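[1] Let's see this in three dimensions:
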Amino acid sequence: MHNKKRINVFIYLARIAVACGILFIFAYPFLDKETLEDIVVDIAPREEVPDFNRFRNVSDKKRAFFAYLMPAIEKENEAILETRLFLLDIKKRRQIGKTIGRSQQQRLSALAKKYRVKNAKHQQDLVARLLKRVDVVPAELVLAQAANESAWGTSRFAKQGYNFFGLWCFKKGCGFVPRRRGDNANHEVAKFENLQDAVNTYMLNLNRHFAYEELRNIRAALRKSQQKITAPALAQGLLRYSERGQDYIDELIAMIDYNRKYMPQ
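    Okay, here's the model as predicted:
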C-alpha cells in the first residue's frame, strides 16, 4: 500500500515538473526580457548621430553633414515620386474613361487622410488637390534648413532626437522641453526614432500644413510652366517657418548659394 502511495506521489510530482518545464519554455522570453533586449541591441545597435564638432576643417564638416543627411532625403523624395506617379496614373485613367479599382480607391482615401485633403467635390478634384501636395522637396532646401535649424547637427535636439528641423510637438512627453520656453507655452521640440522618420515628418509637414500653402503654390506654378523646382524658389514659401520671416528666407537662400559646392551632386 505504501509503495503504491509512493508511486502515485512520484507520478504527481513528475507531472508538476513537466508542466512547469512547459510553462518555463513558453514564458522564457518574458521572464528574461532584459537579456533579450541586450541581444537585440547587439544585433541592431541604435544609430548614433555623428559628432560633427570633431571636424576641425569647416569644409570637411559641411561635406560630412550633407553626406549624412542626403540618403534619407533621396529616399523620401523617391517615395513621394512613386506616390505622385500613382496619382498621375489615376488622373489619366479618369481622362480616358477607365474604371478605378477598389484598391486604388482605398489608396486614394488613405492619401487624402494622410495629406489632410478634405471636402473634395469629386474624385478628379481629390486627385488634383493631392497632386499639389504630393511632390518633392529639393534636397538643397532640406540641407540648408537642417544646417540652419540644427547648427550644423550640433544642437542637442539633433544629437539626441534626430530633430534637425526645429519641429515642435504639443503632446506632453513627445519631445524635449525647451530651456527658454515661456510659462504659458506647452510645446516641446519633437524627438524622432531615427533620421528617416525626422525627414519624413519634415517633408510631410511642408506638403500638408496650411502654413506652407504658398510653398506648394510656387511649386505647382513651376510644374505647370514646366520649369525646374528649385530650392531658392520654394524657400520663398517659408515665410511662416520662422518668426524672423523674410530675414529667415534671405538667410536660407544665402546658405544655399554659398554651400552648394559642399552638397552631394
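[2] pLDDT below threshold where in the stretch 151-265 of the chain?
    178-179, 181-186 (pLDDT under 70).
[3] In it, what residue spans correspond to strands?
    Counting by DSSP state E, counting those that start in this stretch, the stretch 151-265 of the chain has strands at residues 168-169, 175-176, 188-190.
[4] just checking, what packs against the last one?
    The one in question is strand 188-190. If you count contacts as 3 or more CB pairs under 8 Å, 6 or more residues apart in numbering; DSSP states H and E, strand 188-190 packs onto helix 156-161, strand 168-169, strand 175-176. Where you see a C-beta, it was placed from the backbone N, CA and C, and this is true even at glycine.
[5] still on that earlier bit, looking at the strands of the stretch 151-265 of the chain, which one is packed in the most?
    strand 188-190 (a mean of 21; mean count of other CB atoms under 10 Å).
[6] contacting residues around that one?
    Contact with strand 188-190 is made by 157, 161, 163, 166-178, 201, as judged by CB atoms under 8 Å, 6 or more residues apart in numbering.
[7] swap the cut-off to 6 Å and go again
    Strand 188-190 is contacted from outside by F157, N163, L167, C169, C174, G175, F176, V177, P178, using CB atoms under 6 Å, 6 or more residues apart in numbering.
[8] Isn't V137 up against M203?
    Yes: assessed by CB atoms under 6 Å, V137 is found in contact with M203 at 5.2 Å.
[9] what's stretch 69-89 in contact with?
    Stretch 69-89 has contacts (CB under 6 Å, 6+ apart) with 127, 130-131, 134, 136, 139, 142, 146, 195-196, 199-200, 203, 264.
[10] which of the residues you listed lies closest to M255?
    The closest of the contacts of stretch 69-89 to M255 turns out to be A146 (CB to CB; 10.4 Å).
[11] Figure out the helix or strand that the closest one lives in.
    Counting by DSSP states H and E, the element that carries A146 is helix 139-150.
[12] on that earlier part again, just the closest of the contacts of stretch 69-89 to Y258, please.
    Y258 lies nearest to A146 out of these, by CB to CB, at 15.2 Å.
[13] Leaving out the residues flanking it, which one is nearest to that closest one?
    On the basis of CB to CB, 6 or more residues apart in numbering, the spatially nearest residue to A146 that is not a chain neighbour turns out to be F164, at 4.0 Å.
[14] which ones are touching that neighbour?
    Counting by CB under 6 Å, 6+ apart, F164 has contacts A146, S150, A158.
[15] Export the residues you listed to CSV and append columns for distance to K114 and neighbour count.
    Shown next, in CSV, are these (distance: CB to CB, whole Å; neighbours: other CB atoms under 10 Å):
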residue, distance to K114, neighbour count
A146, 23, 25
S150, 26, 23
A158, 26, 24
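[16] now the helices for the stretch 1-150 of the chain?
    Using DSSP state H, counting those that start in this stretch, the helices of the stretch 1-150 of the chain run over 2-31, 33-43, 58-95, 102-114, 123-133, 139-150.
[17] Would you single out the least confident of the ones you listed?
    Lowest mean pLDDT within the helices of the stretch 1-150 of the chain: helix 33-43, a mean of 29.
[18] Tell me how many other residues crowd the residue nearest to P264 when sequence neighbours are not counted.
    Counting by CB to CB, 6+ apart, P264 lies nearest to M70, which is 4.8 Å off, once chain neighbours are set aside. Using other CB atoms under 10 Å, M70 has 15 other residues around it.
[19] What separation do you get for Q236 and E74?
    24 Å (CB to CB, to the nearest Å).
[20] for A235, same thing?
    Distance from A235 to E74, by CB to CB: 20 Å.
[21] more crowded one of these two?
    Ranked by neighbour count (other CB under 10 Å), A235 and E74 place A235 first, with 25 against 13.
[22] doesn't E251 make contact with that one?
    No: counting by CB under 6 Å, A235 sits too far from E251 to count as a contact (9.6 Å).
[23] Other residues contacting stretch 194-206?
    For stretch 194-206, contacts defined as CB under 6 Å, 6+ apart pick out A72, I73, E76, V137, Y162, F165, F192, Y212.
[24] same question but for stretch 123-134, I mixed them up
    With contacts defined as CB under 6 Å, 6+ apart, stretch 123-134 is touched by 83-84, 87, 90-91, 94, 111-112, 115, 117, 120, 207-208, 216, 220.
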